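**Student:** Quick one, structure for this:
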Amino acid sequence: MSRYRRTTALILPAVALALTACGRLYELPPPEGDPIILKPAELATTWTDADDGTLTLKPDGTFVADKICVAVSWEEGLTWSGTGTWKQGSNTKQSILALSFDADHPVNAYHPEEVEREPDPYAALKYGKVLKLWTRVGDPDHDLPHCTLTRPAG
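**Tutor:** Here you go, the predicted model:
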C-alpha cells in the first residue's frame, strides 16, 4: 500500500468523526413539491396534518385550529388548538401563511413574558395533486419530520 493511501486511510475516518461530532453537514430538505403562489380563495379551506389535526382557514381572514402541528422557534412536538387570524404573504415564487392566535390562547397564558407568542410561518408547495403548507420543526440538525398540512389541489 502506498504512503498516500495509508495517510488517506487514516485521515478520512478522523475527519468524518470530527464532522459528525460537530454537527450535521446538512439540514433535512423541505417536503417534496414545488413552491407555488396560492390565491386567498385557494388557502381558505381545511388543511390536515399527519396526526389528523385540522386548520380551517376562513375567507374572512379568521381560522379555527384543532391540534395542528406548529413550529415555534426551536421547540419540538407542539400541537395547538384555538382561533385567530391568518395573513398571506409571498416571495416571488411561493405563498407564505402566518397565523396569529387570539390573545387569550392558552400558550400565551403559559408564557406571559412573550407577548403574543406566534408559530413560525408556513410555506406553500404543490406536489402532484396535493397542496402543502409546511414549516421546519425544531433544531435543523435533527431529522425531525416537518410540520406539513395538506389538502387536495384543484
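
**Student:** how far out from the middle of the chain is stretch 76-91?
**Tutor:** 10 Å (C-alpha atoms, centre = their mean, to the nearest Å).

**Student:** Run through the protein and note the low-pLDDT ranges.
**Tutor:** Where the chain drops to pLDDT under 70, the residues are 1-28, 105-117, 140-144.

**Student:** what do you get if the cut-off is 50, keeping everything else the same?
**Tutor:** 19-24, 108-109, 111-115 (pLDDT under 50).

**Student:** What lies in contact with the longest strand belonging to the chain?
**Tutor:** With secondary structure taken from DSSP state E, the chain has its longest strand at strand 78-90. Defining contact as C-beta atoms under 8 Å, 6 or more residues apart in numbering, one finds that strand 78-90 is touched by 37-38, 40, 43, 51, 53, 57, 61-72, 95-102, 105-107, 119, 121. Placement of C-beta: from N, CA and C, glycine included.

**Student:** For it, buried residues please.
**Tutor:** 78, 80, 82, 84, 86, 88 (16 or more other C-beta atoms under 10 Å).

**Student:** Many thanks, we can stop here.
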